[in-house]
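Q: Here is my input, please return the structure:
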Amino acid sequence: MTKLSVNVNKIATLRNSRGGNVPNLIKVTKDIETFGAQGITVHPRPDERHIRYQDAKDLKEIITTEYNIEGNPIQKFIDLVLEVQPTQVTLVPDTVDAITSNAGWDTKKHCDFLKDVIATCRQNQIRTSIFVDADVKMIEGAAETGADRIELYTESYAEAFGKGNLKGIDPFIEAAQVANSLGLGINAGHDLSLDNIKYFKTNIPNLLEVSIGHALICESLYFGLDNVVKMYLNKLK
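A: Got it, this is the predicted structure:
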């Protein structure tokens, strides 16, 4: 079964909008695990507009499933990861002013840099994943860095699926096949939803984990958080 890691950034965004502690990020995270999620993801950014660096530290104390911290590996982020020691770190090439992740790594251009970051994480027994587009050359480059996994950036798939174009998954199937042949584990995330997740999971060989936040929280406004987590788990069987 593909694991569901729930990104709780949007819970922090809602909390921060009023300046207090409602909703309580710690309680909601505990509840999400109780509802069946097999992992929790956070993506702290330098301006801390949603998840704060202190949140990442506090969550470490209560998460009982897998803990995934993703972000651009600037020194402040690396220091956080080494202090918190999550299950997995996902390296994402965000610009400082990015609203959300919008591209994967050029793993050829940044190979030496990624090798150094990954070596540091692996020395600390932290599993590593690189955020990449569904591009065979970038998958091959990810393998050269020594990463354990890739996370496929799925926005183009989700956009095509929403328009009824099922061929949008073809580059992801090819990318997954190459990743499998190179011994890379496969994660995926970005714009995956209840509408498109089952088709993606069914067609991607050996999909280990999906990280879902924005869509899951939006869907929870209609169906409730407990129900939505279980709906995702059912589609990922």
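Q: drop to CA atoms for contacts and neighbour counts, all remaining ones
A: Fine.
Q: need the helices for this protein, in chain order.
A: Remark: helices assigned in the chain by DSSP state H are 9-16, 25-34, 53-60, 75-84, 111-123, 136-145, 155-162, 170-181, 197-203, 214-223, 225-235.
Q: Minimum distance to His43: which of the ones you listed has it?
A: Counting by CA to CA, His43 lies closest to helix 9-16 out of the helices of the chain; the figure is 6.7 Å.
Q: List the contacts of Ala160.
A: If a contact means CA atoms under 8 Å, 6 or more residues apart in numbering, then Ala160 has 166-168 as its contacts.
Q: quick one: which of the residues you listed is nearest Asn124?
A: Comparing these against Asn124 with CA to CA places Gly168 closest, at 37.6 Å.
Q: Compute the number of surrounding residues for the closest one.
A: Using other CA atoms under 10 Å, Gly168 has 18 other residues around it.
Q: Surely it and Phe161 touch.
A: Yes. The pair Gly168 / Phe161 is scored as a contact, 6.6 Å apart, by CA atoms under 8 Å.
Q: Turn the helices of the chain into CSV, including distance to His43.
A: Compiled in CSV, these are given as follows (distance: least, CA to CA, whole Å):
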stretch, distance to His43
helix 9-16, 7
helix 25-34, 14
helix 53-60, 9
helix 75-84, 10
helix 111-123, 17
helix 136-145, 21
helix 155-162, 17
helix 170-181, 23
helix 197-203, 21
helix 214-223, 12
helix 225-235, 19
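Q: Same list, those helices, but as a markdown table with distance to Arg45 and mean pLDDT please.
A: A markdown table is the format used below for the helices of the chain (distance: least, CA to CA, whole Å; pLDDT from 0 to 100):
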| stretch | distance to Arg45 | mean pLDDT |
| --- | --- | --- |
| helix 9-16 | 10 | 97 |
| helix 25-34 | 17 | 98 |
| helix 53-60 | 8 | 98 |
| helix 75-84 | 8 | 97 |
| helix 111-123 | 18 | 97 |
| helix 136-145 | 23 | 97 |
| helix 155-162 | 20 | 97 |
| helix 170-181 | 27 | 98 |
| helix 197-203 | 26 | 98 |
| helix 214-223 | 16 | 97 |
| helix 225-235 | 25 | 98 |
